[in-house]
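>>> let me see the structure of the following:
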Amino acid sequence: MSSVSHDDHSLPPPVLREVDEGIHAYIQPDGSWWINNTGLLVGRRGAVSIDSCATERRTRAYLDAAAQVTDRPIRTLINTHHHGDHTHGNWLFPGATVVAHERTREELLAAGKPNWPGVWQTPGGGEIGWGEIEIEPPFLTYADGVTLWVDDLRCEVRHVGVAAHTTNDSIVWIPERSLLFAGDLLFHGGTPFLVMGSVAGAIRV
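Alright, predicted model coming up:
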């Protein structure tokens with residue numbers, strides 16, 4: 001089944017919204033094809049990004065928005081799972097340590113660059129404008145989880161333990177702020193995509 005795209009340029013612009021002190025959610029409008037939200041945690045010495053975006057243009061727009069709230073480099077990039085809307089922009093973070101579950105690395109390398117004719121299409125039937133994409137897999141991986149610090153703020157990056165949205169989903173939990181970045185474990189106003197995971201696992205998670 002094809003997924004039809006709206007013209008990106010006719011959509012409202014994405015918004016970088018501060019949801020707590022130094023913690024931002026980058027919210028992209030629903031374009032009906034591979035739209036994800038990302039997170040930005042800003043510290044004194046650098047920033048942490050939670051996920052990148054699906055295309056070169058979208059990731060560059062996110063980086064431009066990040067530059068409006070901090071002049072510090074993005075030092076760490078966490079991938080919540082391997083899907084391209086969360087990882088295709090990894091290569092545009094050249095100074096960042098890319099962190100994810102070990103299966104995220106495996107699945108991202110196995111998937112490679114997007115090459116699915118007829119899956120993603122513009123309204124006129126053309127292929128999507130991916131831009132330049134270089135596969136940049138995580139090079140710091142974990143089996144269960146890792147603790148990340150943004151200044152004195154503790155961020156718990158944890159694999160959820162079972163197949164859910166995919167086999168390699170992780171969350172980023174910030175206990176001091178009661179704030180959770182859930183990746184694609186939750187879908188707002190839509191049916192969760194579980195083809196690469198498990199319905200039972202998703203309900204459990």
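
>>> check which helix or strand the nearest residue to residue 17 once chain neighbours are set aside maps to.
Of all residues not flanking residue 17 in the chain, residue 25 sits nearest, at 5.2 Å (CB to CB, 6 or more residues apart in numbering). Any C-beta I mention is one placed from the backbone N, CA and C, and that applies to glycine too. Here residue 25 sits within strand 23-27, counting by DSSP states H and E.

>>> try residue 65
Short version, using DSSP H and E: residue 65 is in helix 56-67.

>>> before we move on, the earlier item: which residues does the residue nearest to residue 17 bridge with?
residue 17, residue 39 (DSSP bridges).

>>> can you show me the helices along this protein?
56-67, 84-87, 102-111, 199-204 (DSSP state H).

>>> can you list contacts of the longest one?
Which is helix 56-67. For helix 56-67, contacts defined as CB atoms under 8 Å, 6 or more residues apart in numbering pick out 8, 14, 16, 24, 26, 28, 38, 40, 47, 49, 52-53, 74, 88-89, 92, 129-133.

>>> so which of these belong to strands?
16, 24, 26, 38, 40, 47, 49, 74 (DSSP state E).

>>> ok, and the most crowded of those?
Within the ones in strands among the contacts of helix 56-67, residue 38 tops the neighbour count with 28 neighbours, counted by other CB atoms under 10 Å.

>>> residues in contact with that residue?
Taking CB under 8 Å, 6+ apart, we find residue 38 in contact with 25-26, 49-53, 62, 86.
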